[in-house]
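S.K.: Dropping the sequence and predicted coords here.
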Amino acid sequence: MMRHVLWATAVLALAACGDKPQSAGGVKSDAAAYEGVTGPGNAYNVPGWKAGDKAAWEQQLKTRAQSGQNEYNRVK
C-alpha cells in the first residue's frame, strides 16, 4: 500500500513539472528581414541603408560577422 502511495506521489510531482506550451506571442511579420523598419529616427538602421535592398543587407551581415563578432579578428 505504501509503495502505491509513493508511486502516485511521484507521478503527480513529475506531472506538475511538465513544460507549458511556448509560443511567441505578439505580432508576426510576413515581411523579410531586409525589408527593414521604416520611419523617421530609426536608430537601428545603418545610415545610408534603404529598406528593401537585399544585397546591401546581406553585405552588412557579412561585414558585421567578420569585423564585429569574430573574436579572431578583433583580438590582435
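M.R.: It's in. Numbering: from 1, shown residues only.

S.K.: State which helix of this protein is the longest.
M.R.: For the chain, the helix with the greatest residue count under DSSP state H is helix 2-16.

S.K.: what pLDDT, on average, does that helix get?
M.R.: For helix 2-16, mean pLDDT is 82.

S.K.: Check the gap between residue 60 and residue 5 for me.
M.R.: As judged by C-beta to C-beta, to the nearest Å, residue 60 and residue 5 stand 63 Å apart. All C-beta atoms are positioned from the backbone trio N, CA, C, and that covers glycine.

S.K.: List the contacts of the helix or strand just after the longest helix of the chain.
M.R.: Next helix or strand after helix 2-16 toward the C-terminus (DSSP states H and E): helix 54-63. Outside helix 54-63, the residues that touch it by C-beta atoms under 8 Å, 6 or more residues apart in numbering are 32-34, 36, 46, 49-50.

S.K.: and which of the residues you listed is nearest residue 64?
M.R.: Closest approach between the contacts of helix 54-63 and residue 64, by C-beta to C-beta: residue 46, at 9.4 Å.
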